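Visitor: Everything below, folded, please.
(2 chains)
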Amino acid sequence: MAGLVRTVGRRFFSAKATTGLTGMGVAKDPHLALRVLYTKTLAALEKLPKDAAYRRHTEGIINDRFELVKTVPDVTELEKKINCGQIEQVIIQAEGELSLARKMADWKAWEPLVSEPPEGQWKWP
Amino acid sequence: MAAYLGRLLHSSGNLLRNGAHLHTAARALCSNASGGLTTIRPKDEVMKNQLTVFGEYVAECLPKYVQTVQVTSQNELEVLISPEGVIPVLSFLKDHHNAQFKSLADIACVDKPTKPYRFELVYVLMSLTYNSRIRVHTYTDEITPIESCYSVFKAADWYEREAWDMYGVYFSNHPDLRRILTDYGFEGHPFRKDFPLSGYVEIRYDNELKRIVQEPVELAQEFRKFDLSSTWETFPAHRQGSKPLMDTQGKGHEAPPEEQPAEEKK
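Guide: Numbers count the residues shown, from 1 in each chain, chains lettered A, B, ... in the order given. Have a look, this model is predicted:
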């Protein structure tokens, strides 16, 4: 049959053939990937206390990037606006942040200092 | 020959006479347009401020584990943490958007026998996205195990094996903690301060037994111990405690206040 082409909506595919980085393939649909990752990360951050500094700063970063992902349909322009390397690298960063946010809930890193150093431990010389 | 010697004496005489001018000549050679010396590293206040800000950010996000944050005079950021926080802090520095320290450059160990916890572990991380380095310091002693960061950085495998072999720092949950640099039957941890420079055993080939044998080390000359401390005070700015000083008028006055390196106390 003459090619049945499904419409893909207003999503633009990346025009590049390669990222230029070994082991990093071109993302097929970066907007979807980032949308999913950022939504999951924000959900993971909800479990942390509201006044935790990590939660505040990370939510700020993710919301900024999420806005850009929602408003900028073109991949090359999105890369430029986010200004953190290629979109595939941004996806890797988002994956790292998601796993970190989930682990932070277990570690409870916002609590006050768990153990003081012994007297003279850090004095140098 | 005589003429040559004469010329040599003449030139050395010149050197002595011009000795006083050598310093100014050197200044003329290696000073830049504004008159500063190019052989002295210029202070980079911008870098120092950036590092200080980032250090405070790390301390703010991880208050449970970060004890102190310091920036050295050479613009190196150091984060001093408690040993329970090795995995959380390293994971944060690796994964967080603002950190991205994806490369573990080295795990070094420092033996400080006078401290309560003898071994200081130093994790050196590098960020390629932000072109930045950071050092994470923890402490432990001979019997307290420390969590292995193999789950965070695969490179930690051999670095931790080296710390175990050379110092005796035990890492829990390490996939394969065994010797890496010492000989197969070697006993002891060579980089400790109480391990002698020559070691305890030496090896030789025994012709009767037809193999290498280990025997206690025999030095041809007795070990010479030099008294390396001078009778004069070497670091007046780092004086410990209050030692009364006598100035030229013969009046005693208090020691100057203790100076600490640029520090951000938590």
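
Visitor: Show me the residue sitting in the middle of the chain in space.
Guide: No chain specified, so I'll use chain A. A:A94 (2.0 Å; CA atoms, centre = their mean).

Visitor: not quite, I wanted chain B
Guide: B:V110 (7.6 Å).

Visitor: Grab the nearest non-local neighbour of it.
Guide: B:E120 (4.3 Å; CB to CB, 6 or more residues apart in numbering or on different chains). All C-beta spots, glycine's among them, are computed from the backbone N, C-alpha and C.

Visitor: Please apply the same query to B:L177.
Guide: Using CB to CB, 6+ apart, the closest residue to B:L177 is B:W164 (5.4 Å).

Visitor: Does the strand or helix carrying A:V69 reach chain B?
Guide: A:V69 belongs to helix A:53-71 when elements are defined using DSSP states H and E. Yes. Where contact is defined by CB under 8 Å from any CB of the partner chain, part of helix A:53-71 touches chain B, namely A:A53, A:Y54, A:H57, A:T58, A:I61, A:I62.

Visitor: So for that helix, mean pLDDT?
Guide: Taken as a whole, helix A:53-71 has a mean pLDDT of 96.

Visitor: ranges for the helices of the chain?
Guide: If you meant another chain, say so; for now it's chain A. With DSSP state H, the ranges of helices along chain A come out as A:30-45, A:53-71, A:75-82, A:87-107.

Visitor: try chain B instead
Guide: Listed in chain order, the helices of chain B (DSSP H) span residues B:2-17, B:19-29, B:45-61, B:86-95, B:156-167.

Visitor: ranking those helices by mean pLDDT, which is last?
Guide: helix B:2-17 (a mean of 48).

Visitor: Show me what from the stretch 51-200 of chain B comes close to chain A.
Guide: B:57, B:60-68, B:80, B:82, B:84-85, B:88, B:91-92, B:94-98, B:100, B:115-117, B:129, B:137, B:139.

Visitor: Just send the helices of chain A back as TSV, with distance to B:N75 too.
Guide: Below are the helices of chain A laid out as TSV (distance: least, CB to CB, whole Å):
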stretch	distance to B:N75
helix A:30-45	32
helix A:53-71	24
helix A:75-82	28
helix A:87-107	25
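
Visitor: tell me which parts of chain A are close to chain B?
Guide: So far as CB under 8 Å from any CB goes, chain A lies against chain B at A:53-54, A:57-58, A:61-62, A:84-85, A:89, A:93, A:96-97, A:99-100, A:103-104, A:107-122, A:125.

Visitor: Buried ones from the residues you listed, can you make that a ChimeraX selection?
Guide: Only the buried entries of those go into this ChimeraX selection, using 16 or more other CB atoms under 10 Å in any protein chain shown:
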select /A:53,54,57,58,61,62,89,93,96,97,100,103,104,107,109,110,113,117,121,122
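
Visitor: In the chain, where is pLDDT below threshold?
Guide: No chain was given, so I picked chain A. A:1-14 (pLDDT under 70).

Visitor: my bad, chain B
Guide: B:1-23, B:25-27, B:242-266.
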